[in-house]
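J.: when you get a sec, could you give me coordinates for this:
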Amino acid sequence: QVQLVESGGGLVQAGGSLRLSCAASGRTFISVAMGWFRQAPGKEREFVAAISGSGGSTKYADSVKGRFTISRDNAKNTVSLQMNGLKPGDTAVYYCAARRGLPREDEAEYEYWGQGTQVTVSS
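T.: Okay, here's the model as predicted:
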């Protein structure tokens, strides 16, 4: 069982930066891939980024490549999403998720989810 708690959301102006964090419980953190997803109002939840258990492999949605960076600290059981160059289109609730195995882009393959944190980017 893995429990996830996100933090770091907030309101930022376009062009600004935010860093989201996700704290995970459980002693097997290094064995789970972590992902970030987001859901904007009226839209389906979408993949943002994912990272392997070791941190050696990452994936990004095309819409965030070059602006967002996912990282993890296995000693602290945390995964982070550094978001730079934010745009109003990045406004959404951001969710942290975990799955056993390799990082994936399909939300259906993730077993554990956090409660989400709101990110709002003003123009």
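
J.: what's across from the closest residue to Thr58 other than its chain neighbours in the sheet?
T.: Nearest non-adjacent residue to Thr58, counting by CB to CB, 6 or more residues apart in numbering: Ile51, 5.0 Å away. Every residue, glycine included, has its C-beta placed from N, CA and C. Counting by DSSP bridges, Ile51 is bridged to Met34, Thr58.

J.: what residues are up against Ile51?
T.: By CB atoms under 8 Å, 6 or more residues apart in numbering, the contact list for Ile51 reads Ala33, Met34, Gly35, Ser57, Thr58, Lys59, Ile70, Ser71, Arg72, Val79, Pro103.

J.: these two touch, right, the third one and Ala49?
T.: Spelled out, it's Gly35. Yes: the pair Gly35 / Ala49 is scored as a contact, 6.9 Å apart, by CB atoms under 8 Å.

J.: neighbour count winner among the two?
T.: More crowded of Gly35 and Ala49, by other CB atoms under 10 Å: Gly35, with 28 against 25.
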